[in-house]
Each structure stands twice: as structure tokens, then as C-alpha cells.
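got a predicted model here, sequence first, then my questions.
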Amino acid sequence: MNLLIIGAPGAGKGTMSERIMDDYHLIHVSTGDMLRAAVKNETAVGLKAQEYMNRGELVPDEIIHDIIVERFSQDDMEAGFLFDGYPRTYAQAVDLDEILKQLGKKLDCVINLNIEDQELIERITGRRLCPACGEIYNIYTKPSKVEGVCDRCGESLIQRKDDNLESLQVRLSEYHKNTQPVIEYYQELGIVKDVDASKDKEDVYSDIRDILEGLC
Ligand code: AP5
């Protein structure tokens, strides 16, 4: 099964991807995570991407093309994949179609997480992350037991550089301008399933599970 999860910043793509991966054993491909790793490791891609990301802007399509092609060259993608945060522009969606066609693969479903912009402020400004195990917290809705420390592995939690109000406004504007057309592109192909992402996490995941069970 090859899936894509799409939605505004803070809609819950990463949170739901963790659950989907656990239950369906798909390879999680998050371009945001890949870019943050490149920034941390100070690779050529990371150095180019850093400023765009900090401002909340999209990284240029050519850079994203290169990291996706490189990711597909790894054998584990044969098992089925879950794209998170990619494609994010019309050009990336067309490019992905071409890449998949060449590999003899196709997308089975696009899970579209719907939520109003104003509900995302607390989610984004309150988010904290474990840099070691990747666990996602929120100081308002899902705090760690000990403030600033990961429940799972004991590492100190961090806040992403782009998780502030200023960058969020830019990220939302990029989303509406560039990523909504991607959703329309997949709607025309008839593979989009809409999910109300404003619900409680368990209810959101239950709705996603119902969709995926229908595909299996
Ligand atoms: P990326 O890392 O993809 O960030 P994003 O799209 O802004 O999404 P987030 O990771 O912020 O949110 P999420 O939807 O995963 O929410 P989460 O589950 O963590 O991209 C970052 C940057 O990289 C981009 O701005 C761009 O610069 C660049 N980039 C990446 N891909 C690119 C591409 N393809 N092209 C160009 N540039 C690219 O949840 C958020 C919070 O809400 C958490 O605290 C969580 O606990 C909480 N929460 C989640 N669900 C619920 C719920 N149902 N109820 C209550 N709280 C909830």
C-alpha cells in the first residue's frame, strides 16, 4: 500500500504517521524530517534548505526532487510507503507521478487532514519534540510527565525553529497557495479521502483506520 498524508502545518501528519506506520508497517518518508536531518548534519542540501525552513517558506522543488530520487534508490521502499509533507507543490506532484511511473508504482490513497487555521496556533507553538526517539508532545494538550524531558527515552525535548507565530503565518500562506492545488490534483484522480483533523487524536486515527481497512 502506498499512501500520502497531507494537511496544514500542525494538522497532525507526523502524529498520525506514527500510528499508521506501527499498524501497517509502511516506510515513513517525511521530507520535513529529511531536511531537518540534512540541516543538523550540515550537508550541502541542509545548508541550502535551512534559511527557507526557518522562515517557513517552501524549499525549492529541485532540492526536493533530488532527495526523493535518492530516497527511492534505497531498497526498503519496496515494502510500501507513506509520504508525509510531500508533494507540496503542483510541480512536485507531477514530478512524483513521473518517478512512480518509471518505477512501476502508484499511489493508492491521499489522506487529507482538514482543520481551520486558528486551531493550529496552540498545536504549533505548544509542540515539543524528542530529538532522540521522535516522540511528539504538546505543552498544552500532551505534556511530558517531567517538563522538558521525554517520557519514552529521557532525552531533553526541543522546540523546532519554525514553531513560532511568525513562521506559522508564512507556512499557512504557503500551504494555501501551493499545497491546496496538490489536493485538487489528487481529487481529480479520485484518490483523496477527507478526514476531520480537529477531532481528538484517537477519533482522527479511528477515521483513518476505517479508510485504510477499506483499502487493504
Ligand atoms: P514539515 O516538517 O513537513 O512541517 P509542516 O508541514 O509544517 O507540518 P508539521 O510537522 O509542523 O505538522 P504535522 O502536521 O506533522 O503535526 P504534528 O503531528 O507534529 O516541513 C517543515 C518545513 O520543511 C516546511 O515549512 C518547508 O520549509 C520544508 N519542507 C518540507 N517538505 C517540503 C516539500 N515537500 N517541499 C518544500 N519544502 C518542504 O502535530 C502538531 C502538534 O499538534 C503536536 O504537538 C501534536 O501533539 C498535536 N496534535 C496532533 N494531532 C492532534 C489532535 N488531533 N488533537 C490535538 N492535538 C494534536
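Arrived safely. Numbers count the residues shown, from 1 in each chain.

not counting its neighbours along the chain, what's nearest whichever residue of the chain sits closest to the ligand?
The chain approaches the ligand most closely through residue 32 (1.9 Å), counting by CB to the nearest ligand atom. In this view, the C-beta of every residue, glycine as well, is placed from N, C-alpha and C. Distances taken as CB to CB, 6 or more residues apart in numbering put residue 85 closest to residue 32, at 4.7 Å, once the chain neighbours are dropped.

quick one: residues contacting that neighbour.
6, 13, 30-32 (CB atoms under 8 Å, 6 or more residues apart in numbering).

let me know the pLDDT of it.
We have a pLDDT of 95 for residue 85.

tell me how far the residue in the chain sticking out farthest from the centre lies from residue 94.
Residue farthest from the centre of the chain, counting by CA atoms, centre = their mean, is residue 146 at 26.9 Å. Distance of residue 146 to residue 94, computed by CB to CB, to the nearest Å: 47 Å.

repeat that for residue 70.
When residue 70 is compared with residue 94 (using CB to CB), they lie 19 Å apart.

residue 7 now?
20 Å.

the two: who's more crowded?
Counted by other CB atoms under 10 Å, residue 7 and residue 94 do not tie: residue 7 has more neighbours, with 22 against 13.

coming back round to it: helix or strand for the residue of the chain closest to the ligand, which one?
helix 31-40 (DSSP states H and E).

how about that helix: buried residues?
Under the neighbour-count criterion of 16 or more other CB atoms under 10 Å, helix 31-40 has 31-32, 34-36, 38-39 buried.

tilt between the helix or strand just after it and helix 31-40?
Moving toward the C-terminus from helix 31-40, the next helix or strand (DSSP H and E) is helix 44-55. If you take axes from the mean of the first three to the mean of the last three CA atoms, to 10 degrees, helix 44-55 sits at 110 degrees to helix 31-40.

is any residue of the helix or strand just after helix 44-55 near the ligand?
Using DSSP H and E, the helix or strand that directly follows helix 44-55 along the chain is helix 61-72. Yes. Using CB under 6 Å from any ligand atom, helix 61-72 reaches the ligand at residue 64.

mind saving the C-alpha coords of helix 61-72 as PDB?
What follows is helix 61-72, C-alpha atoms only, in PDB (Å, rounded to 0.1, in the frame of the first residue of the first chain):
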ATOM      1  CA  ASP A  61      11.400  21.900  -5.900                       C
ATOM      2  CA  GLU A  62      14.800  20.900  -7.400                       C
ATOM      3  CA  ILE A  63      16.200  20.200  -4.000                       C
ATOM      4  CA  ILE A  64      13.100  18.100  -3.100                       C
ATOM      5  CA  HIS A  65      13.300  16.200  -6.400                       C
ATOM      6  CA  ASP A  66      16.900  15.200  -5.600                       C
ATOM      7  CA  ILE A  67      16.200  14.000  -2.000                       C
ATOM      8  CA  ILE A  68      13.100  11.900  -3.200                       C
ATOM      9  CA  VAL A  69      15.100  10.300  -6.000                       C
ATOM     10  CA  GLU A  70      17.800   9.500  -3.600                       C
ATOM     11  CA  ARG A  71      15.300   8.000  -1.100                       C
ATOM     12  CA  PHE A  72      13.700   5.800  -3.800                       C
END
